[in-house]
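**Student:** Structure here, sequence nowhere to be found:
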């Protein structure tokens, strides 16, 4: 089973939790608890992770390191299934 989140460090900024979802068409990755739209995708888990890391680097280059800071950062990420 693949891990739910991977840590991504940007310079001296604390690690960011990355959520990677598997879909029939491929993988989608996004940072948990980061404001703004930052998404990566790929045919494999690794491609989606690399793509979202690239998107995060671009985000930091464009908006600065403080753009990743949050008053309420994601401490962990979980997946649960519920019947509705």
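**Tutor:** Yes, it's here. Nothing here was measured: the structure is a model prediction, and the numbers come from that model.
**Student:** where in the protein is pLDDT low?
**Tutor:** Low-confidence segments of the chain (pLDDT under 70): 1-14.
**Student:** can you map out the helices along it?
**Tutor:** Here the chain has its helices, by DSSP state H, at 45-63.
**Student:** Show me which strand runs longest in it.
**Tutor:** Secondary structure assigned by DSSP state E gives strand 13-23 as the longest strand of the chain.
**Student:** the inter-axis angle of it versus helix 45-63?
**Tutor:** Counting by axes from the mean of the first three to the mean of the last three C-alpha atoms, to 10 degrees, strand 13-23 lies at 140 degrees to helix 45-63.
**Student:** List the pairing partners of strand 13-23 within its sheet, with orientation.
**Tutor:** Taking DSSP bridges as the criterion, strand 13-23 sits next to strand 5-10 (antiparallel), strand 26-31 (antiparallel) in its sheet.
**Student:** Please compute how far it lies from its chain's middle.
**Tutor:** Here strand 13-23 is found 3 Å from its chain centre; the criterion is C-alpha atoms, centre = their mean, to the nearest Å.
**Student:** got it, and stretch 17-37?
**Tutor:** Relative to the centre of its chain, stretch 17-37 is centred 5 Å away, using C-alpha atoms, centre = their mean.
**Student:** List the buried residues in it.
**Tutor:** In terms of neighbour count (16 or more other C-beta atoms under 10 Å), stretch 17-37 has its buried residues at 17-20, 27-32, 34. All C-beta spots, glycine's among them, are computed from the backbone N, C-alpha and C.
**Student:** Residue 34 against residue 72, yeah?
**Tutor:** No: Residue 34 lies out of contact with residue 72 (C-beta atoms under 8 Å); the separation is 11.1 Å.
**Student:** quick revisit: tabulate the buried residues of stretch 17-37 (JSON lines), appending distance to residue 44.
**Tutor:** Converted to JSON lines, the buried residues of stretch 17-37 look like this (distance: C-beta to C-beta, whole Å):
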{"residue": "17", "distance to residue 44": "20"}
{"residue": "18", "distance to residue 44": "14"}
{"residue": "19", "distance to residue 44": "16"}
{"residue": "20", "distance to residue 44": "10"}
{"residue": "27", "distance to residue 44": "6"}
{"residue": "28", "distance to residue 44": "12"}
{"residue": "29", "distance to residue 44": "11"}
{"residue": "30", "distance to residue 44": "16"}
{"residue": "31", "distance to residue 44": "19"}
{"residue": "32", "distance to residue 44": "20"}
{"residue": "34", "distance to residue 44": "23"}
